[in-house]
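[1] Any chance you could fold what I've pasted below:
(4 chains)
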2 protein chains.
Amino acid sequence: MAGQKVQRQTGVALWRQIADRIRTSINHGDFDESGMVPPETTLALQFGVNRHTIRSALAALAQEGIVRAVQGRGTLIERKERLSFPISKRTRFSQGIGDQVRETRSVLLATSDETASAEVARYLKIKTGTPLVRLETLGQADHRPVSRATSWFPADRFGNIAEIYRSTGSITKAFRELGVPDYVRVVTEITATHADESDLADLQLSPGAIVLITQALNTDLDNVPVQYSISRFAADRVRFTIEN
Amino acid sequence: MAGQKVQRQTGVALWRQIADRIRTSINHGDFDESGMVPPETTLALQFGVNRHTIRSALAALAQEGIVRAVQGRGTLIERKERLSFPISKRTRFSQGIGDQVRETRSVLLATSDETASAEVARYLKIKTGTPLVRLETLGQADHRPVSRATSWFPADRFGNIAEIYRSTGSITKAFRELGVPDYVRVVTEITATHADESDLADLQLSPGAIVLITQALNTDLDNVPVQYSISRFAADRVRFTIEN
DNA sequence: CTTAAATGTCTATTGATATAGACAACTATA
DNA sequence: TATAGTTGTCTATATCAATAGACATTTAAG
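    Below is the predicted model of the structure:
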């Protein structure tokens, strides 16, 4: 980890850039041997900034609960995180990361009845204006928010999916109760952008943070579209893995 | 687009937060009717900031070539684009986006002989220290840089792949000449981060921009790893598509 | 030709960001 | 119990980020 450069006058404060880099290094396991972040003076030298700037960065990470400074000893690593999300024919939230965390949970934020917009209709292969059920859900891993998703389901087949989901916390189980024993991921599109206001709130991010966005279509085993969803992931907490 | 909030004292300047939001709105097609961004005074009111702060944001977008301000008229939208990259068993740079642009090109930036680091060795399933060939390439679409990639190949099989690639501009053709008639993408990992200094230069980005990073492994038809590569894409120019 | 509406430029002021240096307080260890 | 190494706190200074206001310049439309 030699000769790291930071960019000045970009509208992103140095302490924030450095905090992001250190968080990434921690997640990458760079400091696993010692379990500590390098001393402030060392980091200041590496990043080519003043020690006080490093202290601002570490203070931000301490605020996130990722490190804890102990006077006289050093700055200890409290927590690491970057979950690996497999994307495949059988992509499901909790199954994919279940072995990486102690607890996964899915929370229903909101639901509403809608009619299909042009975009959603195109994906679900239905007519614009067809009745739909919309679900806003929040995915959590060990009580930390990881993703927020908006999903649309055809109302004729899944009119009361919200209630079932609310009680079971699982799309897979809700589908099963509604006569869809299994479903497959047909297509996933991935983009990245800066976090918007809702992301900041729901995913507990700070401005300038990055979100990875997936747009995905699931069909039942007869190739009939059953769910179209747009999910937004905190980019510094996840990694996508596509196995072919 | 009413009542937008920006967050203060987070290490991310207001003008950058606002620039990111406007860029997103443009890509989302919010201003397609007029082809212009709303007037500075309107935006200042919407975001709850001073007009000069809006001007800083628009100046940044103008620097990126996304908008162009015309005195007396308004601020015109110059460009919105996002290429779709399919990721599948048969992922190749030029084939995937060939139908979306007039011309794709791949340029060899640098090459060197190396020995395998622990990380690369793990992917290629070889021993640390095994001789490798490293290729740095730049992918362009219609003369705009889209991705920069670093690839490693086992030197014993592909010792002179650099020369062949330089003359053909194609990994696929180089493989073919070296006795690998076909190859498949085994695994792709996707993450996102802020652009570093090299990204800014090679991909012609402005500071604070986002890059999508893929780490991918290709094997020949006998399942022997032939190429491990790390690619960095300008996030505002691409979208990944995974078909299952 | 006027005028309204938009961007361009300038000055001034305040708060956040970053650097610089000095020294205090604490921890582990020789 | 010294001592080296580390984090904590303080003062001072310079630059960037943001606000505020005034006015110039350009464009399009009445």
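[2] ranges for the helices of chain A?
    A:14-28, A:40-47, A:51-63, A:93-97, A:118-124, A:155-158, A:161-168, A:171-177, A:197-202 (DSSP state H).
[3] how far does the shortest one sit from the chain's center?
    By that I understand helix A:155-158. In terms of C-alpha atoms, centre = their mean, to the nearest Å, the centre of helix A:155-158 is found 28 Å from the chain centre.
[4] follow-up on the earlier one: check the helices of chain A for me and report the most buried one.
    Mean neighbour count (mean count of other C-beta atoms under 10 Å in any protein chain shown) peaks for helix A:14-28 among these, with a mean of 21. All C-beta atoms are positioned from the backbone trio N, CA, C, and that covers glycine.
[5] anything in it near DNA strand D?
    No. Figure legend: helix A:14-28 not in contact with DNA strand D (C-beta under 7 Å from any atom of the strand); closest approach 10.1 Å.
[6] ok so, going back, which of the helices of chain A has the lowest mean pLDDT?
    Comparing mean pLDDT across the helices of chain A, the weakest is helix A:93-97, with a mean of 52.
[7] From what I see, residue A:31 and residue A:77 are in contact.
    Yes. Between residue A:31 and residue A:77 there is a contact under C-beta atoms under 8 Å: 6.1 Å.
[8] any common contacting residues for these two?
    residue A:37 (C-beta atoms under 8 Å, 6 or more residues apart in numbering or on different chains).
[9] returning to what we had before: out of the helices of chain A, which is closest to chain B?
    Nearest to chain B among these is helix A:14-28 (3.1 Å), distances taken as C-beta to the nearest C-beta.
[10] who does the closest one touch, helix- and strand-wise?
    If contacts are counted by 3 or more C-beta pairs under 8 Å, 6 or more residues apart in numbering or on different chains; DSSP states H and E, helix A:14-28 sits against helix A:40-47, helix A:51-63, strand B:183-194.
[11] Tell me if the first one is near DNA strand D.
    Yes. Under the criterion of C-beta under 7 Å from any atom of the strand, DNA strand D is reached by helix A:40-47 at A:40, A:41, A:42.
[12] same deal with the second one?
    Yes. In this structure, helix A:51-63 sits against DNA strand D according to C-beta under 7 Å from any atom of the strand; the contacting residues are A:52, A:55.
[13] Now do that helix: everything it contacts.
    Contacts with helix A:51-63, where a contact means C-beta under 8 Å, 6+ apart, come from A:13-16, A:18-19, A:22-23, A:37, A:40-41, A:43-44, A:47, A:67-69, A:75, B:11.
[14] for stretch A:156-163, same thing?
    Stretch A:156-163 is contacted from outside by A:108, A:111, A:131, A:133, A:135, A:153, A:174, A:175, A:178, A:179, A:180, A:226, using C-beta under 8 Å, 6+ apart.
[15] Filter those down to just the buried residues.
    A:111, A:133, A:135, A:153, A:174, A:175, A:180, A:226 (16 or more other C-beta atoms under 10 Å in any protein chain shown).
[16] out of those, who's nearest residue A:203?
    Nearest to residue A:203 among the buried ones among the contacts of stretch A:156-163: residue A:135, at 17.2 Å, using C-beta to C-beta.
[17] I'd say residue A:219 and residue A:225 touch.
    Yes. Residue A:219 lies in contact with residue A:225 (C-beta under 8 Å); the separation is 5.1 Å.
[18] Name the residues contacting each of these two.
    Jointly contacting residue A:219 and residue A:225 under the rule C-beta under 8 Å, 6+ apart are residue A:186.
[19] hang on, the earlier thing: output the helices and strands packed on helix A:14-28 as CSV; include the columns distance to residue A:197.
    As requested, those are exported to CSV (distance: least, C-beta to C-beta, whole Å):
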stretch, distance to residue A:197
helix A:40-47, 30
helix A:51-63, 20
strand B:183-194, 19
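[20] Tell me which of those sits nearest to DNA strand C.
    Evaluated over those, closeness to DNA strand C peaks at helix A:51-63, with 3.2 Å, by C-beta to the nearest atom of the strand.
[21] How far away from the center of its chain is the closest one?
    For helix A:51-63, the distance to the chain centre is 24 Å (C-alpha atoms, centre = their mean).
[22] what about that helix and DNA strand C, touching?
    Yes. Judged by C-beta under 7 Å from any atom of the strand, helix A:51-63 comes into contact with DNA strand C at A:52, A:53, A:56.
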